[in-house]
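In: Coordinates for the following, if possible.
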Amino acid sequence: MALAMFLQIREYRGVWDTHVLQDLYFPEHPTDEERAFSATAAYVAQFYAPDLTLERRARTIPIPRAPPTVVSEAESSAQGAIRAELQSIREERDRLRCKLVDVRAELVDYRNLQRDQDREIVRLSALLDQMRAKARWIPHP
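Out: Residues are numbered from 1 along each chain as shown. Modelled structure (predicted):
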């Protein structure tokens, strides 16, 4: 019983130590998840700045870019080519993310306009129905 408990505690400690090592944080090397979170946070933040126009929002809220990588001379040309290709893919991904933010913002604006138009149509339809009802009940001379 005591041996089983000892082994279980030892296993838990091993898992905990592994977990601590995996959770080390290096701010100069953000993970893909951190970059994605930062881009999402910037996207959400633009909707909580009502005094900014859409154009100013896109310019003032920075979308994080993938950090440029430097190819050392010790790397083989194949590794250098792969790194360069990976960097260009990251830059393209970041550019597309920015474009997606702009398109989504335009879509939200379009939906708001559509909602306002629908409300106005309902209001005018009700007014027209009222006028028609009045016209039916007014005796003609």
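In: what about the longest helix seen in the chain, average pLDDT?
Out: Scanning the chain for the helix with the most residues, using DSSP state H, yields helix 77-137. The pLDDT scores in helix 77-137 average 90.
In: can you start the count at 37 instead of 1 from here on
Out: OK, 37 is where the count begins now, so the last one is helix 113-173.
In: Report all helices and strands that that helix contacts.
Out: helix 68-81, helix 90-96 (3 or more C-beta pairs under 8 Å, 6 or more residues apart in numbering; DSSP states H and E). The way it works is simple: take the backbone N, C-alpha and C, and place the C-beta from them, glycine included.
In: Run a quick neighbour tally on Glu156.
Out: 10 (other C-beta atoms under 10 Å).
In: Against Ala169, how distant is it?
Out: Taking C-beta to C-beta, to the nearest Å as the criterion, Glu156 is separated from Ala169 by 20 Å.
In: From what I see, Ala141 and Ala81 are in contact.
Out: No. Assessed by C-beta atoms under 8 Å, Ala141 is found out of contact with Ala81, at 11.7 Å.
In: worst average pLDDT in the helices and strands packed on helix 113-173?
Out: Least confident of those, judged by mean pLDDT, is helix 90-96 with a mean of 51.
In: Now do Ser74: how many residues are near it, please.
Out: 14.
In: and if you look at Tyr146?
Out: 10.
In: Next: Ile118.
Out: Close neighbours of Ile118, defined as other C-beta under 10 Å, add up to 13.
In: got it, and Glu69?
Out: Residue crowding around Glu69 was assessed by other C-beta under 10 Å; the count is 8.
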